[in-house]
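Just need the structure, nothing else, for what follows:
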Amino acid sequence: MNGTGAERWSQLMSETLEASSEQKTEDPRVRIRLNTFLAQFMTKYADEFAFANRSYFDQINGPEKRKINFTKMMPQATKALREEGLNAALAERGVDISRYLGKEAPVSKVIMM
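Alright, predicted model coming up:
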C-alpha cells in the first residue's frame with residue numbers, strides 16, 4: 001500500500017459507511033468507533049509501508065485511559081505501577097502529589113487508602 005492507495009481505500013470506506021447509514025443504529029458512538037478502528041489500522045499501515053498518515057476519517061475516539069482501582073489492588077501490584085501512572089491516578093483523586101518525591105511515598109499513600 002502507498003499513500004495514493006491508502007487515500008483511495010479510505011475514500012471508498014467512508015463512502016460505503018455513509019451509504020449504509022440507514023441500516024446502522026441511531027447511536028452516534030457506533031460510527032465514531034468504526035472511524036477509530038479504521039484510523040488505527042491506517043496508522044499501522046502507514047508505519048509498515050512508510051507513507052504519510054493523514055487523518056482520513058472524521059471523528060474518532062481519543063486514546064483509551066485505564067482507570068486504576070486502588071481498592072482492589074494488592075501492594076505488589078501497586079509497587080509494579082509506573083511512577084507516572086501512579087502519580088496521575090493519585091492526582092485524579094485530589095491527592096497533592098507535589099510533596100511526594102520518588103516512588104515509595106506515593107505507593108505508601110495508596111496502601112494507606
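
Output stretch 73-86 as PDB, restricted to C-alpha atoms.
Extracted in PDB, the C-alpha atoms of stretch 73-86 (Å, rounded to 0.1, in the frame of the first residue of the first chain):
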ATOM      1  CA  MET A  73      -5.000  -3.800  44.200                       C
ATOM      2  CA  MET A  74      -2.600  -5.800  46.200                       C
ATOM      3  CA  PRO A  75       0.500  -3.900  47.500                       C
ATOM      4  CA  GLN A  76       2.700  -5.800  45.000                       C
ATOM      5  CA  ALA A  77       0.500  -4.600  42.100                       C
ATOM      6  CA  THR A  78       0.700  -1.000  43.400                       C
ATOM      7  CA  LYS A  79       4.500  -1.200  43.500                       C
ATOM      8  CA  ALA A  80       4.600  -2.600  40.000                       C
ATOM      9  CA  LEU A  81       2.800   0.500  38.500                       C
ATOM     10  CA  ARG A  82       4.900   3.000  36.600                       C
ATOM     11  CA  GLU A  83       5.600   6.200  38.600                       C
ATOM     12  CA  GLU A  84       3.900   8.500  36.100                       C
ATOM     13  CA  GLY A  85       0.700   6.400  36.100                       C
ATOM     14  CA  LEU A  86       0.700   6.100  39.900                       C
END
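
what's in contact with it?
68, 70, 89, 102, 103, 106, 107, 110, 111 (C-beta atoms under 8 Å, 6 or more residues apart in numbering). The C-beta positions use only the backbone N, C-alpha and C, and glycine is treated the same way.

element containing the fourth one?
In other words, residue 102. Under the criterion of DSSP states H and E, residue 102 resides outside all helices and strands.

can you pull the contacts of it?
If you count contacts by C-beta under 8 Å, 6+ apart, residue 102 has them with residue 83.

Report the separation between residue 58 and residue 13.
12 Å (C-beta to C-beta, to the nearest Å).

higher neighbour count, these two?
Between residue 58 and residue 13, residue 13 has the larger neighbour count (other C-beta atoms under 10 Å), namely 16 against 11.

Does that one touch residue 38 like I think?
Yes. Using C-beta atoms under 8 Å, residue 13 is in contact with residue 38, at 6.2 Å.

how near is the closest residue to residue 59 other than its chain neighbours to residue 68?
The shortest distance from residue 59 to any non-neighbouring residue, by C-beta to C-beta, 6 or more residues apart in numbering, is to residue 32 (5.3 Å). Per C-beta to C-beta, residue 32 is found 25 Å from residue 68.
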